[in-house]
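Peer 1: Below are the sequence and a predicted model; questions follow.
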Amino acid sequence: MSGSDRTTPSLGLLSHLLLRFNLFTPPGQEGQGRALGHPELKPAAVLIPIIARADELSVLLTRRHSGLRHHPGQISFPGGRRDPEDANLMATALRETEEELGIPSRFIRVLGALPHQITVSHYQVTPFLALLQADHPLHAAADEVDEVFELPLAPLLQTANYGQWTFYRAHEPHTVYGVSIHNRLVWGATARILLQLARQLA
């Protein structure tokens, strides 16, 4: 580190991420077929791509194509439903990232996995935290992604920045989380995953 032994905030947080998640082995062959323990749920996976630069860490997000049948226009992570050909859910997350953003798995370092999330659309989603090579060229799939952008990670790791509200679906209450950063409203499952990451790193 040139001229100083001090660690920048971003490098300190990066070290924390590496230490925290290198303790965990990403799930392997779980989720074959239907989600384990929930035969009505469909297994899926997403990638939480973290980009490290000299001054900060950021998270790469997408805005889903407005013409998609499910969750059009929402901010999300790259990912999707598991294919029968996927060896495991980590393979699902990496395959979907390459299909949506054109980033091959060799440029991605998976650090570990967070506990799965159940969505109102009956998916059991396993999030994988990963480091992505900075400034790698992106080739977004035009039929799936309207926009790719980054948000700073630090405010997303502050639990106080998250709000919540309740809505009813089929007469059942559901809690929805959201966070607004740089005029971007992240809500739903994506916000829940980020909030879980914030709580785990706290």
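Peer 2: Nice, I can see it.
Peer 1: contacts, neighbours, all on C-alpha from now
Peer 2: Fine.
Peer 1: for the chain, where's the lowest mean pLDDT among helices and strands?
Peer 2: Lowest on mean pLDDT, DSSP states H and E among the helices and strands of the chain sits helix 9-21, with a mean of 75.
Peer 1: Count the residues that sit near Ala45.
Peer 2: When counting by other C-alpha atoms under 10 Å, one arrives at 28 neighbours for Ala45.
Peer 1: how close does it sit to Leu57?
Peer 2: Taking C-alpha to C-alpha, to the nearest Å as the criterion, Ala45 is separated from Leu57 by 22 Å.
Peer 1: now Glu98
Peer 2: If you go by C-alpha to C-alpha, the gap between Glu98 and Leu57 works out to 21 Å.
Peer 1: cool, Arg64 as well?
Peer 2: Distance of Arg64 to Leu57, computed by C-alpha to C-alpha: 23 Å.
Peer 1: pLDDT wise, what is the spatially most central residue of the chain at?
Peer 2: Centroid-nearest residue in the chain, with C-alpha atoms, centre = their mean: Ile48, separated by 3.0 Å. In the prediction, the pLDDT value recorded for Ile48 is 97.
Peer 1: give the contact list for it.
Peer 2: Taking C-alpha atoms under 8 Å, 6 or more residues apart in numbering as the definition of contact, the neighbours of Ile48 are Val59, Leu60, Phe77, Pro78, Pro127, Phe128, Leu129, Ala130.
Peer 1: repeat for Leu61
Peer 2: In this structure, Leu61 makes contact with Pro49, Ile75, Ser76, Phe77, Pro78, Val148, Phe149, Glu150, Leu151, judged by C-alpha under 8 Å, 6+ apart.
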